[in-house]
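Visitor: Give me a 3D structure for the following:
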Amino acid sequence: MKRRKIILCVLVAGLLMAGCATQETQTAQEATQEPVQEAREAVAKVATTELDGRTLTDRASLYQEYDPYDPVYFYITVVGGTEADGTNHTFAEMNSYKNLQGMTGVEKIYSECIFQVGDAVGPLPNQVGYSAVASNATINVRGRTSTGYDQKSYRITLFDSAGMWREQRAIALNKHPGDNSRIRNMIYFTLLQDVPGMVSLRTQFAHVYVKDLTDPDAPDAFVDYGLFTQVEQPNGRFLKNHGLNQNGNLYKANMCELYRYEDQIRLATDPLYDADAFSEVLEPKSGDDHSKLIAMLDAVNDYTIPIETVIERYFNLENLTSYMAFNLLMANPDSNAQNYYLYSPVNSDTWYYLCWDGDGALSDYEDTLLDNTWTEPAWTNGVSNYWGVVLFNRMLRVPEYREALLEKVELLHTIITPERIAELIALCRQTTDPFLARSPDLDGLKVTTEQLELIYEHMPFDTETAYQEVIDSFEYPMPFYLGTPKVEEEQLILNWESSYDFDGEFIRYDVQVATDWSFSENTLVFESLGQLENQVQLPLPESGVYFWRVTATNESGYTQIAFDQVTTDSGSHEGMLRFVVDEEGTVNPA
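Guide: Okay, the predicted model is just below:
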């Protein structure tokens, strides 16, 4: 019986295996047949782009989270700090800080403070610093030119333990003492939000109160310091908040025309590296490996490399043309060597320009109204404003790049309109008018109420003036630098760089030497007109102080002056230099 059962089991197993084999064979045969598929339409997908060279995009939602025209209230109690932290300074000592153009090696002066955010009544619960009884931040005077004014701008740096305000730990409070309207920075960064290939900065009006506990004679109460503009600080956190690479390289230009600056721009590992000297050109804000920056500067200054190759590898054309076109139409000349940032993402060779400080924009009418003797020279009107920057100098010599810039100017001209600017002025004035009608902001004004009304009325049309200047500027020869006078065989040799004309026209030079910067007829000691050479010689004049200038004129009759300037008690005098001839016949610059 057992043997019969075993045989039956074997037979059944065999049949089952045969059946499985047959099924597998059928399945394999079916798999070899072409499947019948329905027609399918591919879904829409955003094209991926390489990190190098891609266009910058901003996070637009950041600007919808608050009303920038509704002032936020800041309460600052200056308490002083410790010697160990370098913050053991009074409020008065801190306010004595100056760092004007030309000053180097100036140490910042810090104090400590309790920083609180509130409303018109006082600090608010659930806001930064509400319950603070000890310092939660440092405070220092910020800016360069603005440090020479009585009314200061400040930087607040919150301690880690204090938390953040609107995802920011560094808070810049700008007084804008040089801007009588107090609205130019707000308008500048609001308009920048609509410019392709650029990133703007969050900007907010702020009402600031200060209590000074470092001065025993100061009131034991908060003093109204009036209206400020809080502008977002470009740093690593700024990059993150705007959807950029937080660990990328970020530099603030203090005086940088993109030359190589070999003696200052060095690797941090270089034994000759000097952080202060480095920062005089470019101040590092994020990232401490400067090798990528140096590689870019090397390429920009290597004239054996075509500029097209340099721009393709290291820059983004959309960003470059937007940066220039926007500042040109905003009549913001102080944007060539400073007031900008350079940013490069991690794992990318591309560098982008970011805008910084627009409180000098849209001031053409005001300068004319006030007969401002310290206004910018004529070459800052139009494309020649960027001729002194190595990158833009090389770039603008290429017709295709000039055309790209003109196209961007035309595009932005449809965005930056007098109507749009007038609309923003009206929004700003709802906040600024009450402040400018009383102390302390009224005390800082350099204009009458009537003049201020005229400024508001004409400011929207400064962009139209700027637009025409940009278009016209392509017809002018470019500015140039005067050389250093020298003496050879009792002859004074004067030389200068050649000017450049976009249309290739011949350029002639008028040379004048005078005993006064006015170059009035009775002060002239030498004159040579219409020469093609960029050098002249004349008999060595007698001992004394002399001024000399060169004016370039192209075949179409458009003229241009030199980059150089002389400063006297009466103001800044453009397109000239000064030299001294001593009793021994030696010539020295003055």
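Visitor: can you pull the contacts of residue 517?
Guide: With CB atoms under 8 Å, 6 or more residues apart in numbering as the criterion, the residues that contact residue 517 are 547, 566, 568, 573, 576, 578. Backbone N, C-alpha and C define where each C-beta goes, glycine included.
Visitor: at 6 Å instead, please
Guide: Taking CB atoms under 6 Å, 6 or more residues apart in numbering as the definition of contact, the neighbours of residue 517 are 547, 566, 573.
Visitor: now, which of these sits nearest residue 516?
Guide: The shortest separation between residue 516 and any of the contacts of residue 517 is 6.7 Å, and it belongs to residue 547 (by CB to CB).
Visitor: Can you give me the pLDDT of that closest one?
Guide: Residue 547 is assigned a pLDDT of 98 by the prediction.
Visitor: Break this protein into its domains for me.
Guide: The chain breaks down into these domains under automatic domain parsing: 60-237, 245-473, 486-589.
Visitor: Now do the last one: distance to the chain's middle.
Guide: What that stands for is domain 486-589. When C-alpha coordinates are averaged (CA atoms, centre = their mean, to the nearest Å), domain 486-589 and its chain have centres 33 Å apart.
Visitor: re earlier: could the domains of the chain be laid out in a markdown table, adding distance to residue 43?
Guide: Rendered in a markdown table, the data for the domains of the chain read as follows (distance: least, CB to CB, whole Å):
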| stretch | distance to residue 43 |
| --- | --- |
| domain 60-237 | 25 |
| domain 245-473 | 28 |
| domain 486-589 | 48 |
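Visitor: the helices in the stretch 451-590 of the chain, which residues?
Guide: In order along the chain, the stretch 451-590 of the chain carries the following helices (DSSP state H, counting those that start in this stretch): 462-473.
Visitor: Which parts of this protein are helices?
Guide: Taking DSSP state H, the helices of the chain run over residues 2-32, 91-95, 184-192, 236-241, 275-281, 291-300, 307-314, 317-329, 364-369, 390-395, 399-413, 418-436, 449-458, 462-473.
Visitor: between those helices, which one is nearest to residue 67?
Guide: Taking CB to CB as the criterion, helix 418-436 is the member of those that comes nearest to residue 67, at 9.7 Å.
Visitor: In the chain, where is pLDDT below threshold?
Guide: Within the chain, the segments meeting pLDDT under 70 span 1-39, 44-51, 373-375.
Visitor: wait, what's in contact with the most centrally placed residue in the chain?
Guide: Computing the C-alpha centroid of the chain and ranking residues by CA atoms, centre = their mean puts residue 340 first, at 1.8 Å. Shown in contact with residue 340 (CB under 6 Å, 6+ apart): 253, 353, 356.
Visitor: same thing with residue 336?
Guide: Residues counted as contacts of residue 336 (CB under 6 Å, 6+ apart) are 385, 386, 389.
Visitor: let's see it at 10 Å
Guide: If a contact means CB atoms under 10 Å, 6 or more residues apart in numbering, then residue 336 has 253, 256-257, 324, 327, 380, 384-389, 392 as its contacts.
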